[in-house]
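Enquirer: sequence unavailable; structure follows:
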């Protein structure tokens, strides 16, 4: 058990070192915080305008809530940013090791395939957590000038975290299928895009729309963003993560047979 | 230390390795020799547990590589054909990482990394990024990586490929010095390397073992015919007919010299393994002297491993068992 943890830790540690030794981490973090900042500011101005009663033109004054009318939408929009930022984080994970041959070092070391997958997973989660951490100053601004409730905010972050983990686990699957990281990136992005778009399946799926929309990744985030923890949503994400890790492990194993 | 029996590896319909069997004793340095595509790399990848064999078993340091992979891998150090380096890591960080995943305990890690840095004389680049190193250094970092956990078995795929002559000599000396403490399997397609560094050779061709043994035994084993050089003083025609009429002489021709002092090259059939041509030589000498010619010199042409190698890899019939 100790040995398991030590192996996974060694792999995750190297993964993080390598993210920050190459431009990947900085590009992703900079892009993320720029886009997040843009949307955050945009939503904040809309929120302020609405709360001031349409700029004093005598429209009805709305009673607005920072959590429900601002933070919720910020989270939902952030999830769309992740559709293309997560593939940038995960695309090289295995593809680069296969291309450069370092996978041979990992697969001939006394490691199990699952430890290798878990090490990659934790390494990417660390970078993702750093992305989320960069959004905290924005939230701090809200606490400084207003009084949002912190419980729904935490639940929102939990949802964002689970969503990110789910995306990362699938990014790893695609990265392990090819030696070309660009191909891995596009496959990942395409899949996420599909999982996002099926949210709008109600219009065509008819009777099956309930099932189809259940599969949508962002749909499940909405409850978290509202501050509600629903076990169906938690199970959805955990299943997603488990399936991603399992498929990555299977794919890594098949790499040995493919030679 | 290594026991391989009946290993076969098929990629689709292509058979890369076909029923390979061999064993390596503790402390021995074994060389895999063969042309490109003979199955050397595939065999090494099977031994190190990178790819599984289609059939057959490989037991390394007492552990079957398929049923007890973790135990076996802990005892193997492996240098693949291309050193598996992460270009964005420094040499020290890289070796520290390898030591961690190979299960070197924390308190010994630092000492092990320092020792392998020293052993491969790469201490001067310990803080450089591996991606910035020259080919020679990269190869040595690859070797240091294979040594860092003090493995009982070392598997080195073409350890001298791409090095300059000085580095080749240093690497060979290093490999030689590893034998004894470690059991070493190395592959190469350079013949002198095998003679210089290995105790024993396995020659592979098209996925099968075509010959194995010590270099000396291989030379004996493949001595199908013998060549003698005889320098005789006498008329060429008469000397030739005398030589050709001797039993066991397959061919004779004058190769150099002038006038009546000529050197003849004879092909003779060996009559006993280990001492080929001994009786024929005695007969020839006696015959020439009896006929009144001056026998000035008679010596055997040496057979080299190179001839053996070329003969076994170019012959179509596979599997000449020792």
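Expert: That came in fine, so what should we check first? Note that the coordinates shown come from a computational prediction; the quantities given were computed from them, not determined experimentally.
Enquirer: helices or strands next to the helix or strand containing residue A:34 in the packing?
Expert: In the assignment (DSSP states H and E), residue A:34 maps to helix A:23-51. If you count contacts as 3 or more C-beta pairs under 8 Å, 6 or more residues apart in numbering or on different chains; DSSP states H and E, helix A:23-51 packs onto helix A:72-90, helix A:113-134, helix A:136-145. (C-beta placed from N, C-alpha, C; glycine too.)
Enquirer: reformat those as JSON lines; add distance to residue B:7 and mean neighbour count.
Expert: Output for these, formatted as JSON lines (distance: least, C-beta to C-beta, whole Å; neighbours: other C-beta atoms under 10 Å in any protein chain shown):
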{"stretch": "helix A:72-90", "distance to residue B:7": "36", "mean neighbour count": "21"}
{"stretch": "helix A:113-134", "distance to residue B:7": "22", "mean neighbour count": "20"}
{"stretch": "helix A:136-145", "distance to residue B:7": "57", "mean neighbour count": "12"}
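Enquirer: among those helices, which comes closest to chain B?
Expert: When the helices and strands packed on helix A:23-51 are compared by C-beta to the nearest C-beta, helix A:113-134 sits nearest chain B, at 8.9 Å.
Enquirer: hey, what's the angle from that closest one to helix A:72-90? Just curious.
Expert: Counting by axes from the mean of the first three to the mean of the last three C-alpha atoms, to 10 degrees, helix A:113-134 lies at 140 degrees to helix A:72-90.
Enquirer: hang on, the earlier thing: for the helix holding residue A:34, buried residues please.
Expert: A:24-25, A:28-29, A:32-33, A:35-36, A:39-40, A:43-44, A:47, A:50-51 (16 or more other C-beta atoms under 10 Å in any protein chain shown).
Enquirer: returning to what we had before: how about the helices and strands packed on helix A:23-51 in JSON lines, adding distance to chain B and mean pLDDT?
Expert: Output for those, formatted as JSON lines (distance: least, C-beta to the nearest C-beta, whole Å; pLDDT from 0 to 100):
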{"stretch": "helix A:72-90", "distance to chain B": "16", "mean pLDDT": "92"}
{"stretch": "helix A:113-134", "distance to chain B": "9", "mean pLDDT": "96"}
{"stretch": "helix A:136-145", "distance to chain B": "28", "mean pLDDT": "90"}
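Enquirer: between those, which gets nearest to residue B:91?
Expert: helix A:113-134 (21.1 Å; C-beta to C-beta).
Enquirer: which helices and strands sit right next to that closest one?
Expert: Using 3+ C-beta pairs under 8 Å, 6+ apart, helix A:113-134 sits against helix A:2-21, helix A:23-51, helix A:72-90, helix A:92-100, helix A:102-107, helix A:150-175, helix A:231-258.
Enquirer: now these as CSV including distance to residue B:194?
Expert: Below are these laid out as CSV (distance: least, C-beta to C-beta, whole Å):
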stretch, distance to residue B:194
helix A:2-21, 36
helix A:23-51, 44
helix A:72-90, 45
helix A:92-100, 29
helix A:102-107, 24
helix A:150-175, 40
helix A:231-258, 30
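Enquirer: who in chain B is up against chain A?
Expert: B:11, B:42, B:45, B:48-52, B:69-71, B:73-74, B:76, B:78, B:80, B:82, B:84-89, B:93, B:97-98, B:100-103, B:145 (C-beta under 8 Å from any C-beta of the partner chain).
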